[in-house]
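**Student:** sequence and predicted structure are below.
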2 protein chains.
Amino acid sequence: MSSKTTAAVVPTCPLCTTDGGRLVWRGRHLRLIRVVDTPEHPAFYRVIWNAHVAEFGDLDPAEAAECMAAVAVVESGLRTLGPDKINLASLGNMVPHLHWHVIARWSGDPHWPQPIWGGAPRRALPSELADTLTRALPALDQTLAAAFAERFEAQ
Amino acid sequence: MSSKTTAAVVPTCPLCTTDGGRLVWRGRHLRLIRVVDTPEHPAFYRVIWNAHVAEFGDLDPAEAAECMAAVAVVESGLRTLGPDKINLASLGNMVPHLHWHVIARWSGDPHWPQPIWGGAPRRALPSELADTLTRALPALDQTLAAAFAERFEAQ
């Protein structure tokens, strides 16, 4: 099933009715937001497919390629921050509208080495890292917005 | 950086030195294993990139496309079991050798609606679902092995 056949807005879906975070860039098929409601993991973006499809496999091959190219652009940008690992995930159990979490992880971060969903934080985000990211992320937003504008179809 | 340049076996890496689970199929670039050590989530496969690379972004575009095509084949197979959601993730905080988790989720499963890494199970896997999956998964292994053999380069 291609998303081209299921592009209706679902009124009860928060990713159909809101940006879903701090909007960095919006194109025809997808958008990029920065997640600002999990301050313990600040280097955290989501690539959100605009059409309401539940599963990655609902995309046709060209759409899937575009979606993962966007994830790769974000990953590449986050790696400039020097993380120890990148975590990628498409889960959607609570919001079944296709979105990819792209998260930079550090060995001293609150959930390391667990996934960020792995229960209560084990420690605070180190303040030096928090300060560094607070300074770096607005510039990364701009870099990613420019990279998306260059590569992906405009709205 | 392409994985073609970093294919050395790392002696301390469990995904360099073992299959990493019950081997379903192995090809030149990647392999498929079924995860059999998390019985609370039995419909769980991993697509493992054979070369030791840490990040999805370490693959070149053709490799990334092959890798995600493999993930999509597994997702499609798992959807024949009638799950409520598919979860996809590339994390690797503990084993930084590229592998994709592909997990079928049900609304009554032990961690629903949390990710499977979301702390202690909330409930047991319903016995009827467990029995159904125990019967279905060996056949799905064979279906997936055939699909991989048809689509991806042999060893």
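**Tutor:** In hand now; what should we look at? Residues are numbered from 1 along each chain as shown, chains lettered A, B, ... in the order given.
**Student:** can you pull out the helices in chain A?
**Tutor:** Along chain A, the segments classed as helices by DSSP state H run A:14-17, A:61-79, A:127-151.
**Student:** buried residues in stretch A:123-142?
**Tutor:** Residues A:125, A:129, A:133, A:137, A:140-141 are the ones in stretch A:123-142 that count as buried (16 or more other CB atoms under 10 Å in any protein chain shown). Every residue, glycine included, has its C-beta placed from N, CA and C.
**Student:** okay, now A:His29: neighbour count?
**Tutor:** Residues near A:His29, counting by other CB atoms under 10 Å in any protein chain shown, number 20.
**Student:** phi and psi next, for it.
**Tutor:** Per-residue torsions, A:His29: phi -100, psi -30 (degrees, to the nearest 10).
**Student:** isn't it right up against A:Asn50?
**Tutor:** Yes. The criterion here is CB atoms under 8 Å, and A:His29 meets it with A:Asn50 at 5.9 Å.
**Student:** residues in contact with the residue positioned nearest the centre of chain A?
**Tutor:** In chain A, the centroid-proximal residue (CA atoms, centre = their mean) is A:Arg46; its distance is 1.4 Å. The contact partners of A:Arg46, by CB atoms under 8 Å, 6 or more residues apart in numbering or on different chains, come to A:20-21, A:32-33, A:35, A:99-102.
**Student:** near chain B, which residues of chain A show up?
**Tutor:** Within chain A, the positions lying close to chain B (CB under 8 Å from any CB of the partner chain) are A:54-57, A:64-65, A:68, A:71-72, A:75-76, A:79, A:84-94, A:96, A:105, A:112-115, A:117-119.
**Student:** drop anything exposed from those residues.
**Tutor:** A:54-57, A:64-65, A:68, A:71-72, A:75, A:85-93, A:96, A:105, A:112-115, A:117-118.
**Student:** which of those fall within strands?
**Tutor:** Judged by DSSP state E, these include A:85-90, A:105 as members of strands.
**Student:** for B:Pro11, state which of those is nearest.
**Tutor:** Nearest to B:Pro11 among these, counting by CB to CB, is A:Lys85 at 20.5 Å.
**Student:** so where's chain A uncertain?
**Tutor:** Low-confidence segments of chain A (pLDDT under 70): A:1-7.
**Student:** what about 50?
**Tutor:** Low-confidence segments of chain A (pLDDT under 50): A:1, A:5.
**Student:** want to throw the helices of chain A into CSV with distance to B:Pro39?
**Tutor:** Converted to CSV, the helices of chain A look like this (distance: least, CB to CB, whole Å):
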stretch, distance to B:Pro39
helix A:14-17, 33
helix A:61-79, 31
helix A:127-151, 37
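**Student:** quick check: which of the ones you listed is nearest to B:Pro42?
**Tutor:** helix A:61-79 (26.4 Å).
**Student:** who's in contact with the closest one?
**Tutor:** Taking CB under 8 Å, 6+ apart as the rule, helix A:61-79 contacts A:2-3, A:29-30, A:32, A:43, A:45, A:47, A:49, A:56, A:59, A:86, A:88, A:98, A:100, A:102-104, A:140, A:143-144, A:147-148, A:151-152, B:55-57, B:64-65, B:68, B:72.
**Student:** cool, stretch A:25-33 as well?
**Tutor:** With CB under 8 Å, 6+ apart as the criterion, stretch A:25-33 contacts A:19-24, A:45-51, A:63, A:66-67, A:70, A:74, A:144-145, A:148-149, A:152-155.
**Student:** what of stretch A:140-155?
**Tutor:** Outside stretch A:140-155, the residues that touch it by CB under 8 Å, 6+ apart are A:22, A:24-30, A:32, A:34, A:45, A:66, A:69-70, A:73-74, A:77-78, A:80-81.
**Student:** go again with 6 Å.
**Tutor:** With CB atoms under 6 Å, 6 or more residues apart in numbering or on different chains as the test, stretch A:140-155 has contacts from A:24-28, A:32, A:73, A:77.
**Student:** any idea how far A:Ala149 is from B:Glu128?
**Tutor:** Going from A:Ala149 to B:Glu128 by CB to CB, to the nearest Å gives 51 Å.
**Student:** kindly report the same for A:Ala89.
**Tutor:** Going from A:Ala89 to B:Glu128 by CB to CB gives 29 Å.
**Student:** now A:Leu78
**Tutor:** With CB to CB as the criterion, A:Leu78 and B:Glu128 are 42 Å apart.
**Student:** same question for A:His29.
**Tutor:** 40 Å.
**Student:** what's the neighbour count on A:Gly21?
**Tutor:** 19.
**Student:** ok, and the closest non-adjacent residue to it?
**Tutor:** In this structure, A:Gly21 finds its nearest non-sequential neighbour in A:Ile33, 3.2 Å apart by CB to CB, 6 or more residues apart in numbering or on different chains.
**Student:** next, count neighbours for the one you found.
**Tutor:** As a burial measure, A:Ile33 scores 22 neighbours (other CB under 10 Å).
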